Each structure stands twice: as C-alpha cells, then as structure tokens.
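# Take this sequence and fold it.
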Amino acid sequence: MSDYTSIVIFGASGDLTRRKLIPALYSLYVKEKLPDNINIMGYAKSPMSDKEFRDRVRVPDSHQVGCDNPEQYSWENFAERLHYCEGSYTEESGFKKLNRQLIDIEKNSANRMYYLATPPQLFTSIAGNLKTVKMMDEDTGWRRLVIEKPFGHDLETACALNETLHRDMDEHQIYRIDHYLGKETVQNVLVFRFANTVFEPIWNRNYIDHVQITVAETVDVGHRAGYYDTAGVLRDMFQNHMLEMLALVAMEPPASFDADAIRNEKVKLFSAIRPIVPKLIGEETIRAQYTGYNKTDGVKQGSQTATYAALRLFVDNWRWKGVPFYLRSGKSLQKKTSEITIQFKEPPHVMFPLPEGVPIRANTISICVQPDEGIHLRFEAKVPDTAADMRTVNMDFRYAGSFGACSIPDAYERLLLDALLGDASLFTRSDGIEREWRFIDPIIKAWESSFAPPLQYYKKGSWGPKAADELLERDGRKWFALCGMPG
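Numbering: from 1, shown residues only. Got it, this is the predicted structure:
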C-alpha cells in the first residue's frame, strides 16, 4: 500500500476550509499525526495560484498559543504542502485536470481522501465525476469520500443520495461527517458508561428518572438565514447532532470498539425510538421562533421556520421503557452550552428531617460537551455542625484541569485523522442516516399540517418559550442548565 497521501478539499475557497479544515490539518501536522508524505489540494471554481491559496487559508500565528509548536513545524513548512486547482464541480474536464495535477505531485501510487466542503446540491455531481475519471479506484491505494452535512433534506432525498453514492462507490469509502461526534467530551460518553462499573449498572429505567439533552446557541441565524429558512432547527440540529448524542447516551454496549459494532448499536437505538404520531405532535413537541427572525435578510416574509424546538421522546426497549428523553435546541438563547443531564430517581424513603414541603433533591450527572468540557456529579451532603441538614454539592471533572489547557483537540482534527486512518466509528452509516430521518421527517411534516402546534415566540437572550418549560412541568420536572455553574 502506498505511503503517500493526498487530501483534496472541494469547496476550498469557502469559509469552512479557511476556518476549520486547514487549521485542523495544521494542528495535526504540528502534533506529528499527519503522514510524512502528504499533499493537500484545494479545488474550487475561483481562479487562484498556489501562493494565493496559501495566503487565503493561512493560519494565524496565535493558533497554537499556549501549546507546543516546534519551530520545524512552522506554517511556512506546512504551506509547502498546499496546492490549488481551479475547475468546475459539474464538468468532467475539471476532474481530469485535477487528477493530472495530483499524479504530478504524487509521482507514483498514493492514497487519497476527498473532502466535500461544498453545498449539498453538488455532492452527486462530484461523486459521479470522481467515478467517471476513475479517481475512486483503489488499485494504487485507498480512496475515501468525506461528506459534510446536511445529508439530505428529508428521508426521500437522503435515501436518494445514499443510492446515488452507492452506485459510484462502496459504503466503506463513504464518511458522513458530524462534527459534534468529533468533540472529545461526546466521545467520552462511551468511556464514561462502559469503562466504569460504578455507572453502567444504574444506567437504566430502574434508577434513571429522565434524560435531558440541550444544545443552546447564543448567535442568531446571521449570514446563514437563506439556508436556515429552508431547513429550520429540526433539520439543522436534531436530525444529526441531537440524535447522535442521544444514541451515545442510550445505546447498548457494543461487543467491541470496532466501527461497525458501535454503529450497529446506534441503528438499533434509532429503531427503538417511539415515533411521534401526528395526533400527539402538539403534546410531545414545541416549535418556536425568536422575535425579529422575520426581519432578517434572506428570510421569507411571514416565515414559520422554527429556530427553537423541544421534544419529549421515548425509547421502547428493555433498558429505557417509560423513561422520557427531553431534547431542546435553539438560536439566540441565553447561554452557549451543549450538555447531557441524567437525573436519577429520588430515594424511595427519606429518613432525614427536611423542612416541610422540601423534597430531597435527586442526584444528577451532567456531561458538559461545550464550553465547560467535563463531567459533574451532583449529590447530597451533610452540612457541617448541623444535626442532619443537607446541601447539594458537586463532584467535578474538567478536561483542562486534568489534562491541560491544550488537551482538547478541535472536533475536525479528530474526524480528519480518523478518516485518514480509516476508522469510521464517529461517522454515520447509511442505515443510521435513514433511521434518523425516519424519526424526524414525520415531525417536520406534522408541523406543516393541521396537527401543528402553534408557533411560539421567545425573546433573544432568553431560554426559549414558556411552552418548553410547561412541556416538563406537566411531568413534574424542569430544565437544567448545570454546566458552567459553580459547585
């Protein structure tokens, strides 16, 4: 097998390449995790020389501040590996030109990874041209295609895209990326659950009262308004990030850490999620929009697009039967946070004296994905110098404190490295994508039907609409935002 590797970035003139992909590759280079013989080729329609491309994507000197950055791994040395090819995404001639440039650099056989940082409507054209020009043939090395989200607009288009890709290449060559899965704290969910016997025996309906998953953003739709108005929060966040995090929290233990073993359990979990039927859509879902959204450039007049959603769902299997999962995500909220909170059941009997009407607080575990990366266990402790007064205290683990300020790589670093190594554990398989859409698609359709709950509105900088609080209050529960709070 070849020891030379080429990475081709389609859509190389875009912000994703400049802000995420090249900085991630540069960090991997500094950490000596990239293959020694590597070439990174940008491809886009914009005319550019190699030097112009290098200047465009230059990583600021501050990128590695506070971390080891050996002088021999300077930007200038890394930039020598960057090249550029101008061409069309839809015409075969551009791909022939790209292939010739790659062969000239590679000299002999080489492995290749193609990264599609382009609008989704170009995915099939690029894949088809790669096939036509025989750039996916694995005679002289492996070939892998990394696809950015969104993967389809609904179930029908996702199935059609899978079918088209499978005509042009094998499933083992396709890596559907979800950058949330590249976050160190998301990956740590599996280790936390399955490497610690103190937690896994109580990770079920017998001890857990409910689970909450929150992905809150403080930013509004901004320059993405045109795309967002056709997508909405369910397509943008729930179909991928939220359900993938749910799967890691709720899936059964895989037989091994093999990619297919992990993804098999995810698909089983997705298959066990109880569908939300149209007549229950008003009881189990909340849709809302922040005030002022309709005045944003690119948003259609009178748009009903939801910028916030909250769902209550159930997983109908032996482990989770009857345990509600509450998911919420939205734009322009009070705090930027991504967290998973597991609330355990209250003790069946409390022998300690408590003030009248004050119940004992249930234990919680909060897995903080960002920005306060870590895990926090809240439990009851006796207040010193009292008879039996209790107070809730925190037991904290923070990545920065335990492993250092530079311990957490960017999500794209991990995913790019895994794709280069051929580890598909953190990438979504075709059947997983389709299962996610089978759950989300009916909700979207119900929101566009007579069953749709009223569109709620919320102020920018709040925690969302009151209806979302009421969704939990009906069950005697409330939302948590525990990550980042003092112990």
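# domain assignment for this structure?
Using automatic domain parsing, the domains assigned to the chain come out as 4-148, 181-409+429-473.
# ends of the longest one, how far apart?
When you say that, I think you mean domain 181-409+429-473. Counting by CA to CA, to the nearest Å, the length from the leading to the trailing residue of domain 181-409+429-473 is 31 Å.
# same deal with stretch 175-189?
Length of stretch 175-189, first residue to last, CA to CA: 21 Å.
# any idea of the mean pLDDT for that stretch?
In this model, stretch 175-189 has an average pLDDT of 87.
# Give me the residue ranges of the protein where confidence is low.
Scanning the chain with the threshold set as pLDDT under 70 gives 1-2, 61-73, 355, 357-358, 387-388, 405, 484-487.
# how about the residue nearest the centre of it, what does it touch?
Nearest residue to the geometric centre of the chain (CA atoms, centre = their mean): Tyr180, 2.3 Å. Applying CB atoms under 8 Å, 6 or more residues apart in numbering, one finds that Tyr180 lies in contact with Val186, Asn240, His241, Glu244, Met245, Ser338, Val369, Ala411. From N, CA and C alone the C-beta is placed, and that goes for glycine too.
# Could you work out the most separated pair of those residues?
Maximum pairwise distance among the contacts of Tyr180 (CB to CB): 14.2 Å, between Asn240 and Val369.
# quick revisit: out of the domains of the chain, which is closest to Asn162?
domain 181-409+429-473 (4.5 Å).
# ok, which stretches of the stretch 101-250 of the chain are strands?
Per DSSP state E, counting those that start in this stretch, the stretch 101-250 of the chain carries strands over the ranges 111-116, 143-147, 174-176, 208-216.
# Alpha carbons of the last one, as CSV, please.
Right, strand 208-216. Listed next in CSV are the C-alpha coordinates belonging to strand 208-216 (Å, rounded to 0.1, in the frame of the first residue of the first chain):
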residue,chain,number,x,y,z
ILE,A,208,-32.9,7.0,36.0
ASP,A,209,-35.9,9.3,36.1
HIS,A,210,-35.3,11.1,32.8
VAL,A,211,-32.6,12.4,30.5
GLN,A,212,-32.1,15.9,29.1
ILE,A,213,-30.0,16.9,26.1
THR,A,214,-29.5,20.6,25.4
VAL,A,215,-27.7,22.3,22.6
ALA,A,216,-28.1,26.1,23.0
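# Parallel or antiparallel, list what pairs with that strand.
Partners of strand 208-216 in the sheet, by DSSP bridges, are strand 324-330 (parallel), strand 337-344 (antiparallel).
# Next, count neighbours for Ala381.
Look at Ala381: counted by other CB atoms under 10 Å, it has 12 neighbours.
# Please give the number of neighbouring residues around the residue nearest to it when sequence neighbours are not counted.
Counting by CB to CB, 6 or more residues apart in numbering, the nearest residue to Ala381 once its immediate chain neighbours are dropped is Val393, at 4.7 Å. Using other CB under 10 Å as the criterion, Val393 is surrounded by 14 other residues.
# what does Met135 give?
The number of residues near Met135, taken as other CB under 10 Å, comes to 18.
# same thing with Pro353?
10.
# For Leu116, give me its contacts.
With contact taken as CB under 8 Å, 6+ apart, Leu116 is in contact with Phe10, Gly11, Leu122, Phe123, Ile126, Leu145, Val146, Ile147, Glu148.
# does Glu380 belong to a helix or a strand, and which?
Taking DSSP states H and E as the definition, one finds Glu380 inside strand 374-382.
# Ile40 belongs to a helix?
No - assessed with DSSP: H, G, I helix; E, B strand; the rest coil, Ile40 is strand; it does not lie in a helix.
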